[in-house]
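> can't give you the sequence, but here's the structure:
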């Protein structure tokens with residue numbers, strides 16, 4: 001069968017296949033947030049270690065400090081009160 005023949009043939013999709021939608025429970029959503037929280041904690045720890053090494057130039061150090069501050073702010077907003 002050539003490309004031209006395949007293009008002329010009718011629609012080969014025979015049937016619609018239903019897709020099931022999975023709804024997340026409250027527990028699932030909380031576990032995802034907790035997982036994200038744990039990941040942010042790990043990133044903060046790594047960035048803090050990098051900052052403490054003192055091998056960065058002043059402008060890079062300021063960018064790193066800003067990133068750490070923004071991550072801490074995001075983390076505070078994510079953590080349950």
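Perfect, I can see it now. Just so it is clear, the structure is predicted and the values come from calculations on it, not from any experiment.
> how about the nearest residue to the residue nearest in space to the middle of the chain, chain neighbours excluded?
Ranked by distance to the mean C-alpha position of the chain (Cα atoms, centre = their mean), the top residue is residue 36 at 8.2 Å. For residue 36, the nearest residue in space outside its immediate sequence neighbours is residue 78; the separation is 6.5 Å by Cβ to Cβ, 6 or more residues apart in numbering. Bear in mind the C-beta positions are built from the backbone N, C-alpha and C, glycine included.
> quick one: the one you found and residue 37 touch, right?
Yes - with contacts defined as Cβ atoms under 8 Å, residue 78 counts as touching residue 37 at a distance of 5.5 Å.
> quick one, which of those two is more surrounded?
residue 37 (15 against 12; other Cβ atoms under 10 Å).
> show me what the strand or helix carrying the more buried one is packed against.
Counting by DSSP states H and E, the element that carries residue 37 is helix 26-53. Here helix 26-53 touches helix 58-78, going by 3 or more Cβ pairs under 8 Å, 6 or more residues apart in numbering; DSSP states H and E.
> list the buried residues of the helix it packs on.
68, 75 (16 or more other Cβ atoms under 10 Å).
> distance from that helix to the middle of the chain?
18 Å (Cα atoms, centre = their mean, to the nearest Å).
> quick one: mean pLDDT for it?
Across helix 58-78, pLDDT averages out at 87.
> identify all contacting residues around it.
33, 36, 37, 40, 41, 43, 44, 47, 48, 50, 51, 56 (Cβ atoms under 8 Å, 6 or more residues apart in numbering).
> these into a markdown table, with extra columns for distance to residue 69?
As requested, the contacts of helix 58-78 are exported to a markdown table (distance: Cβ to Cβ, whole Å):
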| residue | distance to residue 69 |
| --- | --- |
| 33 | 21 |
| 36 | 18 |
| 37 | 17 |
| 40 | 13 |
| 41 | 15 |
| 43 | 13 |
| 44 | 10 |
| 47 | 10 |
| 48 | 12 |
| 50 | 15 |
| 51 | 11 |
| 56 | 16 |
